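Asks: Coordinates only, no sequence provided:
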C-alpha cells in the first residue's frame with residue numbers, strides 16, 4: 001500500500017512540515033520505498049516533482065523539505081508498488097489537462113478489474129491501475145460536460161465516479177482540478193484543520209515541532225489530509241469508507257458518506273480541540 005498527503009488552504013502555505021513526516025515514511029519509518037511525488041499548485045497549473053526511489057534517501061525530497069514553496073493546494077504520495085513496476089512513469093501523482101486546467105491524481109489501494117473500464121480521450125503512460133482509473137474518470141467527465149462546470153455540479157459528478165470505483169476494491173484517492181481538492185476514503189484516510197487559535201504540533205516520524213501561532217495569521221485556514229496521522233499532539237478525524245470530501249480554501253464539505261459518519265481520533269496526549 002501507499003500513503004497520501006494533501007493540503008487545501010485559503011492562503012499560500014508551505015507544506016514542508018507535513019511533507020517531512022511523509023518523506024520519512026518513504027523507506028525509513030515506513031515501507032513505501034518505490035517512489036514519491038509532490039505537486040504544488042499555482043493558479044490553474046502546478047509544479048511537480050517525481051522520483052522512482054525512496055523519498056527518505058532522496059536529495060531532491062530533502063531539498064523540497066528545506067524549501068518553502070507556498071501553495072493553496074498540494075498533493076503528495078509515497079509508493080509501495082503492487083501493480084506496475086518501479087519506474088518514473090508509474091510514480092504518483094499523475095496529471096493531465098482538462099478544460100484548460102491541470103488535474104492531478106494520487107491513489108492508494110488496488111482496484112480489481114479497473115483496466116476493463118473503457119477509456120475515452122485520456123491514455124495511461126504507465127501500467128498502474130491507479131493511472132487507468134484517473135484516465136477513466138477524466139474521460140467520463142469530458143463526455144458529460146463540454147466545458148468546466150460550476151464547482152457544485154462537478155462535485156456531484158466526481159462523487160458519482162468515486163462511488164463506482166469504490167465497488168472495485170480499495171480506492172483511497174486525492175484529486176484536484178486546481179479549484180477543489182477531492183478526497184475519497186476507500187479504507188483509511190484522515191484530516192485535520194488548523195485555524196485560530198493556533199497551537200503547537202510535533203511530527204510522529206521526525207523530531208520537529210512547530211508553533212503555528214508564530215507561522216500564521218488569525219485568518220489562515222489550512223486543512224491537511226493524510227493516510228495516517230502525521231502529528232502526535234493534534235486531533236485527526238478519521239473518514240469512514242465511502243466518504244467523499246471537497247476542500248476549497250481549507251473549508252471541508254462531506255459530499256457523500258457511504259458507511260457512516262466521520263469520527264475524531266486523538267493521539268495520546270493530544271488536546272481535545274474542535275475541528276473547524
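Replies: Alright, I've got the coordinates. Since the model is a prediction, treat every value here as computed from it, not as a measurement.
Asks: all contacts plus neighbour counts: C-alpha atoms, from now on.
Replies: Will do.
Asks: quick check: longest strand of this structure.
Replies: strand 3-14 (DSSP state E).
Asks: right, and the helix or strand after that strand?
Replies: Of the helices and strands lying after strand 3-14 in sequence (DSSP states H and E), the nearest is helix 16-24.
Asks: Residues contacting the following helix or strand past that following helix, please?
Replies: Using DSSP H and E, the helix or strand that follows helix 16-24 towards the C-terminus is strand 36-42. Residues from elsewhere that reach strand 36-42 (CA atoms under 8 Å, 6 or more residues apart in numbering): 26, 46-55, 69-79, 91-93, 104, 178.
Asks: Report the buried members of those residues.
Replies: Buried subset of these (neighbour count, 16 or more other CA atoms under 10 Å): 26, 46, 48-55, 70-79, 91-93, 104, 178.
Asks: Tell me where the stretch 51-200 of the chain has helices.
Replies: Using DSSP state H, counting those that start in this stretch, the helices found in the stretch 51-200 of the chain span residues 59-65, 129-144, 151-166.
Asks: Turn those helices into CSV, columns for mean neighbour count, mean pLDDT and distance to residue 30.
Replies: Shown next, in CSV, are those (neighbours: other CA atoms under 10 Å; pLDDT from 0 to 100; distance: least, CA to CA, whole Å):
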stretch, mean neighbour count, mean pLDDT, distance to residue 30
helix 59-65, 16, 96, 16
helix 129-144, 21, 97, 21
helix 151-166, 16, 95, 25
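Asks: Take those and write them to CSV, including distance to residue 3.
Replies: Output for the helices of the stretch 51-200 of the chain, formatted as CSV (distance: least, CA to CA, whole Å):
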stretch, distance to residue 3
helix 59-65, 15
helix 129-144, 13
helix 151-166, 18
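Asks: between the ones you listed, which gets nearest to residue 234?
Replies: Between residue 234 and the helices of the stretch 51-200 of the chain, the tightest spacing by CA to CA is seen for helix 59-65, at 21.0 Å.
Asks: for that closest one, packing partners?
Replies: Other helices and strands packing on helix 59-65, by 3 or more CA pairs under 8 Å, 6 or more residues apart in numbering; DSSP states H and E, are helix 16-24.
Asks: just how off-centre is the helix it packs on within its chain?
Replies: Offset of helix 16-24 from its chain centre (CA atoms, centre = their mean, to the nearest Å): 13 Å.
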